[in-house]
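1. just coords:
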């Protein structure tokens with residue numbers, strides 16, 4: 001009492017921080033990477049967190065943690081990719097520089113191994129779409145893909161069929 005009124009407003013990712021700074025946003029639903037910046041800069045408080053429920057091969061998973069995956073085709077005969085150090089000289093696809101599960105987590109892993117995610121790959125491609133990353137690795141457009149946890153299990157090929165990870169990817 002009295003009733004609270006909310007107005008939902010789409011905000012471009014590039015404008016979120018300025019709108020928070022100007023006091024134009026009271027609540028926001030953002031990715032974990034953006035929230036951590038807003039939290040450290042403006043002392044934001046998390047009210048809720050998301051649990052993603054996924055069904056894979058008939059089994060239900062409640063994903064309470066956010067993670068990232070580095071994957072490549074397992075049928076590479078030339079220069080197989082079996083460790084993080086094998087990313088040197090490869091074409092890598094990620095969603096964006098600001099994507100936590102499809103970029104930042106994997107970049108951090110490379111840094112931890114003494115690598116540069118900008119200088120060591122042959123090319124770093126940002127797709128803005130994790131489905132395009134899976135498709136691009138499957139088609140051979142990219143050597144390596146960086147996606148969030150569960151993206152491979154949800155991705156479909158050009159015929160609408162789920163990828164068989166055991167046969168096509170490692």
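-> Cool, got the structure. Note that the structure is predicted; figures quoted are calculated from it, not measured. Numbers count the residues shown, from 1 in each chain.
2. What distance do you get for the most centrally placed residue in the chain to residue 92?
-> Nearest residue to the geometric centre of the chain (C-alpha atoms, centre = their mean): residue 102, 2.3 Å. As judged by C-beta to C-beta, to the nearest Å, residue 102 and residue 92 stand 11 Å apart. (Glycine included, C-beta is placed from N, CA and C.)
3. distance of the residue nearest to the centre of the chain from residue 151?
-> Distance from residue 102 to residue 151, by C-beta to C-beta: 7 Å.
4. what do the two both touch?
-> By the contact definition C-beta atoms under 8 Å, 6 or more residues apart in numbering, residue 102 and residue 151 are jointly contacted by 130, 133.
5. just to revisit the earlier point, what touches both of residue 102 and residue 92?
-> Common contacts of residue 102 and residue 92, defined by C-beta under 8 Å, 6+ apart, comprise residue 146.
6. Next, count neighbours for the closest residue in space to residue 42 that isn't next to it in sequence.
-> The shortest distance from residue 42 to any non-neighbouring residue, by C-beta to C-beta, 6 or more residues apart in numbering, is to residue 20 (5.6 Å). Using other C-beta atoms under 10 Å, residue 20 has 20 other residues around it.
7. before we move on, what about residue 11?
-> For residue 11, using other C-beta under 10 Å, the count is 15.
8. now do residue 130
-> Residue 130 has 24 neighbouring residues, counting by other C-beta under 10 Å.
9. Contact partners for it?
-> Going by C-beta under 8 Å, 6+ apart, residue 130 touches 95, 102, 147-148, 151, 155.
10. same thing but 10 Å
-> When contacts are counted by C-beta atoms under 10 Å, 6 or more residues apart in numbering, residue 130 touches 69, 93-96, 99, 101-102, 145-148, 151-152, 154-155.
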